[in-house]
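Colleague: Here is a sequence together with a model predicted from it:
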Amino acid sequence: MKLEHLKYIVEINDSGSISTAAERMHVSQPAVSQSVKHLEDRLKVKIFKRSRNGAQPTEVGRSIIEKAREVLRKIDEIESIAQVQHAMLEGNLSLVAIPSMCMSLLPKTLSAFSTRFPKVKLEVIETGTLQAASYVEKEIVDFGIMSRREKTDFSDRFHPKFRKPIVSVKSRDVSA
């Protein structure tokens, strides 16, 4: 049994016709007919009742078609998982943080991040708030975690993260 067989019987059911199914799937009508015949022979059941008006599923055919749909959905899920893995983030990410964050929040957070995104190389710079703000402003790093200072103006990129005056600031080209 091949995936194409399952795709064909689902499309025949949806279109009501072998020739329409073949046209929609960009294959010849004899190829679709032959595949359905092969599947019916293998399963030793008739999936469709063919007539001049098209192809209608038999009672057992309806059950087989529903199972074929389930299989094809699962195949789509598998392919989606593979695509997500393939498209996984990769590259470099740099951040600057104040010492208190480097000791408290970041170890656990960065460990989880590295586990989830193993292809991303992290660089962490530890420094005070003013220097951290400068690194972000000059786009030396992608983002920073620091205490809020009234002197720094990050209104367009300022994202409060805690009730205490600690914020993250990102470079202009990094998505929120």
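Modeller: Perfect, I can see it now.

Colleague: for the chain, what spans make up the helices?
Modeller: For the chain, the helices defined by DSSP state H occupy 3-15, 18-24, 29-43, 59-86, 99-103, 106-116, 129-137.

Colleague: how far away is the nearest residue to residue 99 once chain neighbours are set aside from residue 102?
Modeller: Nearest in space to residue 99, with sequence neighbours left out and distances taken as CB to CB, 6 or more residues apart in numbering, is residue 126 at 5.6 Å. Bear in mind the C-beta positions are built from the backbone N, C-alpha and C, glycine included. For residue 126, the distance to residue 102 equals 5 Å [CB to CB, to the nearest Å].

Colleague: The closest residue to residue 11 other than its chain neighbours: what's it in contact with?
Modeller: Spatial nearest neighbour of residue 11, excluding adjacent residues (CB to CB, 6+ apart): residue 21 at 4.0 Å. Residue 21 makes contact with 8, 11-12, 14-15, 32, according to CB atoms under 8 Å, 6 or more residues apart in numbering.

Colleague: Among these, name the buried ones.
Modeller: Buried by 16 or more other CB atoms under 10 Å: 8, 11-12, 15, 32, out of the contacts of residue 21.
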